[in-house]
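A.B. asks: When you get a sec, could you give me coordinates for this:
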Amino acid sequence: MNAAQLNRVTAEGFAYYRDGLMALLLDAVAHDASVGFLADLDTQQANSYLDEVKQRLVSGELLLWVVGKDKEVLGSVQLGLCQKLNGLKRAEVQKLLVHSAARRRGLGLQLMQALEAAARQKQRSTLYLDTEAGSGAEAFYQSLGYIKAGEIPEYACGPDGSYRATALHYKLL
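C.D. replies: Numbers count the residues shown, from 1 in each chain. A predicted model of the protein is given here:
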């Protein structure tokens, strides 16, 4: 069996990974990941979201990585590049997802290392993110040196529709 490969996805190569990204997103939501969607996420909603991702890749405001085997996407992460003139040193870590069957294999770390290397290359020295407070994701980001700036109670719904606190983190590269 071939090892999982890490790839940066361009707008031109997006179509190759689209089905794998769809399956990954559906798996994440089905396994209670608080990533902006409710449990009733369907393929139409996921396709609309993926259309937005592609447009952001085209515009250059988003970078995307996947790790997987061929078209099977086991994990992905996005880096949103701030486009405001007063924020050109910052970028937002978005939608770090690892398939439920591929967790605890270092894929999240591999994706985050690629993201941080690209941020440095793009001269983005301040990274920030939000994640569900108290979650395994929060502990993961903290293990990578992200510093908790605070929490906002009842910030967003998880897939089950219940509101949850979010934790805001940053890292200076």
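
A.B. asks: Next up, the contacts around the closest residue in space to Leu57 that isn't next to it in sequence.
C.D. replies: Among residues not flanking Leu57 along the chain, Ala11 sits closest, at 4.2 Å (Cβ to Cβ, 6 or more residues apart in numbering). Heads up, the C-betas are built off the backbone N, CA and C, glycines and all. Counting by Cβ atoms under 8 Å, 6 or more residues apart in numbering, Ala11 touches 54, 57-58.

A.B. asks: for stretch 151-171, which positions count as buried?
C.D. replies: Neighbour-count burial for stretch 151-171, counted by 16 or more other Cβ atoms under 10 Å, picks out 155, 158-159, 164, 166-169, 171.

A.B. asks: which stretches of this protein form strands?
C.D. replies: Remark: strands assigned in the chain by DSSP state E are 5-9, 62-69, 72-81, 90-98, 126-132, 147-157, 163-172.

A.B. asks: Format these as a markdown table; extra columns: distance to Ala39.
C.D. replies: Below are the strands of the chain laid out as a markdown table (distance: least, Cβ to Cβ, whole Å):
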| stretch | distance to Ala39 |
| --- | --- |
| strand 5-9 | 27 |
| strand 62-69 | 24 |
| strand 72-81 | 20 |
| strand 90-98 | 16 |
| strand 126-132 | 15 |
| strand 147-157 | 10 |
| strand 163-172 | 14 |
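
A.B. asks: Show the pLDDT at the most centrally placed residue in the chain.
C.D. replies: By Cα atoms, centre = their mean, the chain has its centre lying nearest to Lys95, at 2.0 Å. We have a pLDDT of 97 for Lys95.

A.B. asks: Make residue 1 into 336 and carry on from there
C.D. replies: New numbering, starting at 336: the last item is Lys430.

A.B. asks: measure it to Leu399 for me?
C.D. replies: 9 Å (Cβ to Cβ, to the nearest Å).

A.B. asks: is it true that Glu451 touches Gly480?
C.D. replies: No: look at Glu451 against Gly480 with Cβ atoms under 8 Å: they stay out of range, at 9.5 Å.

A.B. asks: Give the full set of residues in contact with the nearest residue to Leu508 once chain neighbours are set aside.
C.D. replies: Take Leu508 and drop its neighbours on the chain: the residue closest to it by Cβ to Cβ, 6+ apart is Ser460, 4.8 Å away. Contacts for Ser460 (Cβ under 8 Å, 6+ apart) come out as 424-425, 454, 507-508.
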